Each structure stands twice: as C-alpha cells, then as structure tokens.
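A.B. asks: give me a model of this one.
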Amino acid sequence: MSFLYPYVLIALALPVILGVGAYLLHLHRKGNWEKLVSPAHRKELVRTTSPLHSVIPLILALSALACCIIAAARPYNGYKNTEALVTGRNLIIALDISRSMETQDVSPSRLEEARTAARVLIDALPTDKIGLILFSGEAELLIPLTYDHLTLQETLNLVNRDWESYGGSNLEHVLKLAMQSFERAAATGTNALVILSDGEDTMNFSPALLEEARKKNLMVITVGIGTTEGATIPDTERENGMWQDAEGKHVISKLQPETLSMLARETGGDFFIMNNSTDLTAFAQTAAEKIDRHEEAQSAGKAPNDMYEYFAVAALLLAVAAILLATRWRRMPTNLTRKAGILILMALVPGQLQAAPQKESHNAYKQALNYQKEGKTEECAVELSKALLDEDTHMQAAALQRLGNIKMEQHFDELRKLYTPSAQGQPAQPTIQQLESIVKKLQADSVYYQDALKAQADFAPAKTNAERVNKLVELINKEIERLKQQQKENEQKKKEEQKKQNEQQKQNDQQKQDDQQKQDDQQKQDDKQKQDDQQKQDDQQKQDDKQKQDDQQKQDDQQKQDDKQKQDDKQKQDDQQKQDDQQKQDDQQKQDDQQKQDDQQKQDDRQKQDDKQKQDDKQKQDDRQKQDDQQQSEQESESDQQADRQPQQSAAARREQRKKQRARDILNMKRDEEDEAAARKLRREFEYHTQRKRPNKDY
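C.D. replies: Predicted coordinates for the structure are as follows:
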C-alpha cells in the first residue's frame, strides 16, 4: 500500500500527543483529589468511573482521528488503466497574409476565403481556447490562447496585407511560435495548429522541428487555399492592376499543396483544399472531428486504486462507537450532536479534497457572452465576475478585458448620444461639462484593462483597447480646449449681436404699431360685411324651412291614406283565408269517412279469404292423410307379401326397410310444413297490400 500524499501522515503524531496529554491530565486530577480526600473516606466521597465509559471511548476517538489522517493521505494499491477524456482543447489559427493571398482565383480573394474559414472554425469550437498567428516572411502571435472569441472575430475583420513584415511564407517560424505559445500558456489537453495558406514561396523547415512537434503531440491541420490553375496577383498601385516581377513579367500564383500536405501528414493532422466549391461548414465539422479523434488518442492514462474509503468508513464507525460508549444514558449530553457532526465531517474530509472551478468559470464566461449578445449588460457583468474566480490568468485577463469593454461601451453610447443630431436635423453640440464627465469615467474604468495586463502581460486585446481609450481621452481633451476657446469667441459675438438686436427691436416695434393700426381698420370693414352676409343667409334659411314644412305635411297625409288602404286589404285576405280553412276541414272529414268505409270493406273481404283458405288447407290435409293411409296399407301388404315370399329374409333387412319408411314419412311431413309456410307468407303479403292506410293529416 502506498500514499498519494505521504506528507499528511505527519499528522499521525496528533493522536499520540492527545493521548499522552489526556493521560497526564488524568494523573494531575487524580493527585489533586487525593490530596483533598482521605483514604478512609474515598469510597464514600469519590465516585469512580468505569473504564468502559472513560478510557475505551478516548482510545476509540483517537483511533478514528488516526483513520481520518490516513484517509487524507490517499492510500492506494497499484494503478489501473483509464480512458478519461482530456477536458479542454487548445487551438491556434495561423493566417497567411503574404502578397500571393490577394490572388482572386478564389472569390472574392484567397485572404477573404481564409478569413471566412477561420470565422466558421471559431464558431464550431465555442468552448475552447483559440489563438491567432499572422505570418508571411515572419510569424507574429497576434492573440494568445483565449476564450474571448468575440475579440478574435473582431481582430480577423481588421486583418489586411498592411500588417505584412516581408514576403514569403515561413512555416518553420509558425511551427516554433505555436509550440512556444502552448508551453507559455501551460496548455493541457489537445493542442492543434490550423494553417491557412496557399503554400506558395514556402521556406524549408528542418526534420528535427517535425520530430519535436510529434513528441509534444502537436497536431497540424493545413488548409490549401486557391486553385492549381492559379491567377495573376493584383496590384492597385500599377496602371494595369497586376503585380510584376523584377523583369517586368506578370506573376501567376498557383496553389502549392506539397509542403502543406507533408506537414499535416508528418504530425498526424489532415490536409484540406479550399476553393469556390468548398463547403465551409463541412470543413469546420471535419476539422473539429479530427481534433476530437486526436483528443481521444491522447486520453489513455493510469489512475490509482484508492483505498481511502475503507479508512473513512472505519473512522466513522469508531467515532460512533466512542460517542455511544461515552454517553451516560440517564441524561443525554447537550453536545452529543455537535460531537457526532464534527467527527463525521472529519471522516469525510478526504472526499472534499478536489475542487475545480475551471468548468464553472468557462460556463460563466460563455453565459456572459450570450448575455452580451442579447444586450443584458448587468447579467453579463455578474457572469464575468464569476469567471474572475478562475485561477487561469488567461480567463482572468479575458474577463477583465470584457468587463472593461462593457463599461467603455456604455461611455461610448453616452458619447454618441451627445453627438447625435436632433430629430429636426440640427447638429449636436455637447457641453464642456458633459465631455469632462466622460473623460473622468473613461479614465476610471480603464483600470480594467490595466488589471487584465497585470494578470496576463502579453494579452494583446487589453493592451490595444487601453491604447485606444488613451487616444480617445486625448481627442476629447483637445475638443474640450477647442470648445472653451469657441465659448469665449461666442460670448464676444453675442454681446455685439445683442446690441444690434436691440436697435433692430426698436425699429420692429414701430413697424408693428403701424401694421396693427392698418389691421384694425381692415377688421372693422370685414366685420360689417360679415353682418350683411349673415342677414341674407338668415332670410333665405327661413324661406327654406317653410317650404320643407309644407312638403312634410303633404307626405304625412299621403302616408295615412296608404296605411288605411293596407288595413282594408289585410282584412279581406283574413276573411278569405278563414273560408278556405273551413272548406279544407270539411273535405278532410269526408275523406276520413270514406277511408273508414273502405277499410271495413277490406277487413270483411280479408276475413272471407282467410276462412276459405283454411277450408282449402283442411281439405288438402284430409286428402293427403287419405293418400298416406292408402300408401301405408299398400306398403304393409307388400311387406307381408314379401315376407310370405321370402320367409328366409333376415332381421337386419327388415330394420333397414323400416328406416327407409320413416325417412319417407319425415319427407312427407316436411313437404306439408313447407306448403303451410308458403301459404302463411302469401297471407301476410295480402294483408300488407290490402290493409295499408293513409296517415290522417290534420289540416
């Protein structure tokens, strides 16, 4: 048996010290009361305690403490193979910005296609650390490994060829810089490098460098951008718009996949060719799956066979036994629950040794990004504060930089509102006090970027944002000075304009008095004209009202005559309707009487037919019975004759003869029953057709 934390076993001296201290304390107390009590009266005055309730509980408690210490040292018995998945992936994207990447054989250009592929790949790996390297003749780590994917996307949008150091594509420097970045960030898990390049003007690199990359489990995924046919390299500074070499010839750039393919093959990665027909989403999914397979290949390891559970259980049992033995059951001690809780917590200490806020911080940072996209700044700030608890300096720097961005964005919005034109289209003019307030806020909140640089000195986004804030503060200060100078000039101009306005005001007042006099005269004339017009309108209105009253009286008289005529017509119609209803009732009564007579006659006829049918049936039955009797007699006589002629016939033959005779009788009876059923059917049909009655209708 071995221990993962053997230094914890030093604490085993604690139970020994406690045991010796308890024994010395016991001796001290014993000597004290022996001095006060005489030997003759010790039995009456001193109450002795059984070792079961004093010594044994102490031994059990010290043993429980010893078991807890051993469990905390994590004892184990050998190792076992495990397949634990390595958490977290680290990815660096290397983007080629050499001159050949401006070729437009891929729409709109190779550089734009590489930029788009990088964005799609970042979106496909939302929970991983990703860095950015720009390279041409030299390689530069623009953004180290970070979870701040939004900053990565913003930086990719700003990348252009002006950032190029000098020509060529130095993949060897890219490989070295990527390995150094992973080592400096102490990156655990899967490390992958994605190179986006056309492979042209690639410089050679040593095999030793490839061997070192394989030893460090660095997987390289290369992406060749362009076509094998190629195209001319554009140059906006020349008249013909095409790049020319030293001899004045147009340069045609083609995709060179050999070096890129070899680099991916030697490091266990994969090689992709990207042109106009490439599906970027499929590329990102394939690359992510390749990284996942590499991660699973590196996940095998060994884990110790822990045995601390046995010691923890033993400590718990010993602690419970010590409490039970030390308890005097006549009176329950008040601190029993406290003792048991302390010992149980001591026994369970080994299970609380591992605490990993890493995943919680990642989730908090991811949730903060989602809140920022939704515009929930307060919730975003809370989640970023949780992410600051991570021990990873990259996570701290990213969270501080994001908090600074939130604060700065609020100040920028306030600054934009100051310079936003009004709804009437008037230009905005912020005051000096407003600009000075914004400067103070910017300077106060720039401390987030400074703290981010303290946590991670090479965190480029925080450094860039801090420089931009300083530049903005300088510009605002200049604007404040300009506004102060302008304010002085405006005050001088206002004084001069005020003097001119006073003189102009006097002239305007005199002019207004003259105009007012003219308006009063004109108003009097207009009022008189309106009164005359109103009188004419009133006279005409009276005539119109009288004419309307006469017309209304005529219409009322005509309406009364029409109503009286309608009432007379209605009365005539009602009388005629009553006569018609009475005539219909009389006709219906006659029809009912005639129907009853017809029904009675039909019943009599049907009764006669039934009687006749019965007589016929009786006659048929009598005739049939006579025939059967005659036939029976003939058969009996024939059977007697045959018996006389053949006295030697056996009894079996006679029985057979009797069976045939019974069958004939049954057949005749069935025939009679069928005839009787047919007769009943005919009677029912006759009754149905003759006894149907029409329903009585009540009109």
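
A.B. asks: hey, let's count contacts and neighbours off CA atoms from now on
C.D. replies: Fine.

A.B. asks: next up, the contacts around Y147.
C.D. replies: T127, D128, K129, I130, Y365, M395, A398 (CA atoms under 8 Å, 6 or more residues apart in numbering).

A.B. asks: swap the cut-off to 10 Å and go again
C.D. replies: Y147 makes contacts with 90, 126-131, 362, 365-366, 394-395, 397-399, as judged by CA atoms under 10 Å, 6 or more residues apart in numbering.

A.B. asks: repeat that for Q485.
C.D. replies: E479.

A.B. asks: returning to what we had before: among the contacts of Y147, name the ones in strands.
C.D. replies: Filtering those for membership in strands, criterion DSSP state E, returns N90, K129, I130, G131.

A.B. asks: between those residues, which is nearest K493?
C.D. replies: Proximity of the ones in strands among the contacts of Y147 to K493 (CA to CA) peaks at G131, which lies at 57.7 Å.

A.B. asks: surely R161 meets L95?
C.D. replies: No. Assessed by CA atoms under 10 Å, R161 is found out of contact with L95, at 11.1 Å.

A.B. asks: quick one, which of the two is more surrounded?
C.D. replies: L95 (24 against 14; other CA atoms under 10 Å).

A.B. asks: wait, that one touches A139, no?
C.D. replies: Yes. L95 is within contact range of A139, at 9.5 Å (criterion: CA under 10 Å).

A.B. asks: quick check: neighbours shared by the two?
C.D. replies: With contacts defined as CA under 10 Å, 6+ apart, the residues shared by L95 and A139 are I133, V174.

A.B. asks: give the contact list for the residue most central in space within the chain.
C.D. replies: Geometric centre of the chain, nearest residue: N370, 12.0 Å, by CA atoms, centre = their mean. The neighbours of N370, taking CA under 10 Å, 6+ apart as the test, are A364, K376, E379, C380.

A.B. asks: now Y76, what are its backbone angles?
C.D. replies: phi -150, psi 160 (degrees, to the nearest 10).

A.B. asks: who touches it in this structure?
C.D. replies: M1, S2, F3, L4, A303, P304, N305, D306, M307, Y308.

A.B. asks: could the residues you listed be laid out in CSV, adding pLDDT, distance to Q543 and secondary structure?
C.D. replies: Formatted as CSV, the contacts of Y76 follow (pLDDT from 0 to 100; distance: CA to CA, whole Å; DSSP: H, G, I helix; E, B strand; the rest coil):
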residue, pLDDT, distance to Q543, secondary structure
M1, 77, 128, coil
S2, 81, 126, strand
F3, 83, 124, strand
L4, 78, 121, coil
A303, 64, 116, strand
P304, 72, 119, strand
N305, 78, 120, strand
D306, 80, 118, strand
M307, 82, 120, coil
Y308, 80, 119, helix
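
A.B. asks: could you turn the buried ones of those residues into a PyMOL selection?
C.D. replies: Filtering those down to the buried ones (16 or more other CA atoms under 10 Å) takes a single PyMOL command:
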select buried, resi 3+304+306+307+308
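
A.B. asks: on that earlier part again, lowest pLDDT pick from the ones in strands among the contacts of Y147?
C.D. replies: Lowest pLDDT among the ones in strands among the contacts of Y147: N90, with 84.

A.B. asks: touching, that one and I122? I think so.
C.D. replies: No. Applying CA under 10 Å, one finds N90 not in contact with I122, separated by 11.6 Å.

A.B. asks: overlap in contacts, the two.
C.D. replies: Common neighbours of N90 and I122 (CA under 10 Å, 6+ apart) are D128, K129, I130, G131.

A.B. asks: mind listing the strands for this protein?
C.D. replies: So, for the chain - with DSSP E - the strands run 2-3, 75-82, 89-96, 129-135, 139-146, 190-197, 218-225, 231-232, 252-253, 271-274, 301-306.

A.B. asks: those: which one's closest to Q661?
C.D. replies: Among the strands of the chain, strand 75-82 comes nearest to Q661, with 100.0 Å by CA to CA.

A.B. asks: work out the gap between the closest one and the centre of the chain.
C.D. replies: How far strand 75-82 lies from its chain's middle: 41 Å, per CA atoms, centre = their mean, to the nearest Å.

A.B. asks: list the buried residues of it.
C.D. replies: Using 16+ other CA under 10 Å as the burial criterion, the residues of strand 75-82 that qualify are P75, Y76.

A.B. asks: quick check: mean pLDDT of it?
C.D. replies: Strand 75-82 comes out at a mean pLDDT of 73.

A.B. asks: partner strands of that strand and their direction?
C.D. replies: strand 2-3 (antiparallel), strand 301-306 (antiparallel) (DSSP bridges).

A.B. asks: roughly how far is the first one from the heart of the chain?
C.D. replies: This points to strand 2-3. 47 Å.

A.B. asks: and K546, how many neighbours?
C.D. replies: 10.

A.B. asks: quick check: Q410 touching G375?
C.D. replies: No. Using CA under 10 Å, Q410 is not in contact with G375; the gap is 11.5 Å.

A.B. asks: who's more crowded, those two?
C.D. replies: Between Q410 and G375, Q410 has the larger neighbour count (other CA under 10 Å), namely 14 against 11.

A.B. asks: circling back to that earlier point, out of the ones in strands among the contacts of Y147, grab the one that's most surrounded.
C.D. replies: Counting by other CA under 10 Å, top hit in the ones in strands among the contacts of Y147: G131 with 25 neighbours.

A.B. asks: that one against L91, yeah?
C.D. replies: Yes. Counting by CA under 10 Å, G131 does reach L91; the two are 6.4 Å apart.

A.B. asks: list residues touching both of these two?
C.D. replies: With CA under 10 Å, 6+ apart as the test, G131 and L91 both reach I122, L145, T146, A178, F182, L193.

A.B. asks: and D616, what does it touch?
C.D. replies: D610, D622.

A.B. asks: quick check: pLDDT value at it.
C.D. replies: 78.

A.B. asks: looking at the strands of the chain, which is nearest to K670?
C.D. replies: The nearest among the strands of the chain, by CA to CA, is strand 75-82 at 94.7 Å.

A.B. asks: tally up the residues packed near A72, please.
C.D. replies: 28.

A.B. asks: let me redo that: Q525
C.D. replies: 10.

A.B. asks: I'd say L325 and I59 touch.
C.D. replies: No. Using CA under 10 Å, L325 and I59 do not qualify as a contacting pair, with a distance of 11.0 Å.

A.B. asks: can you list the domains in this protein?
C.D. replies: The chain breaks down into these domains under automatic domain parsing: 2-77+304-352, 89-299, 356-391, 393-494, 661-694.

A.B. asks: in this protein, what helix or strand scores lowest on average pLDDT?
C.D. replies: Every helix and strand of the chain was ranked by mean pLDDT, DSSP states H and E. The lowest is helix 336-347, at a mean of 45.

A.B. asks: circling back to that earlier point, please pick the buried ones from the contacts of Y147.
C.D. replies: By 16+ other CA under 10 Å, those give 90, 127-131, 362, 365-366, 394-395, 397-399 as buried.

A.B. asks: neighbours of the nearest residue to R606 once chain neighbours are set aside, how many?
C.D. replies: In this structure, R606 finds its nearest non-sequential neighbour in E687, 7.6 Å apart by CA to CA, 6 or more residues apart in numbering. Applying other CA under 10 Å, we find 14 residues neighbouring E687.

A.B. asks: which residues are in contact with Q487?
C.D. replies: With the criterion set at CA under 10 Å, 6+ apart, Q487 makes contact with I432, E481, K493.

A.B. asks: check H149 too.
C.D. replies: Taking CA under 10 Å, 6+ apart as the test, what H149 contacts is 119, 122-123, 125-131, 155, 366, 369, 398.
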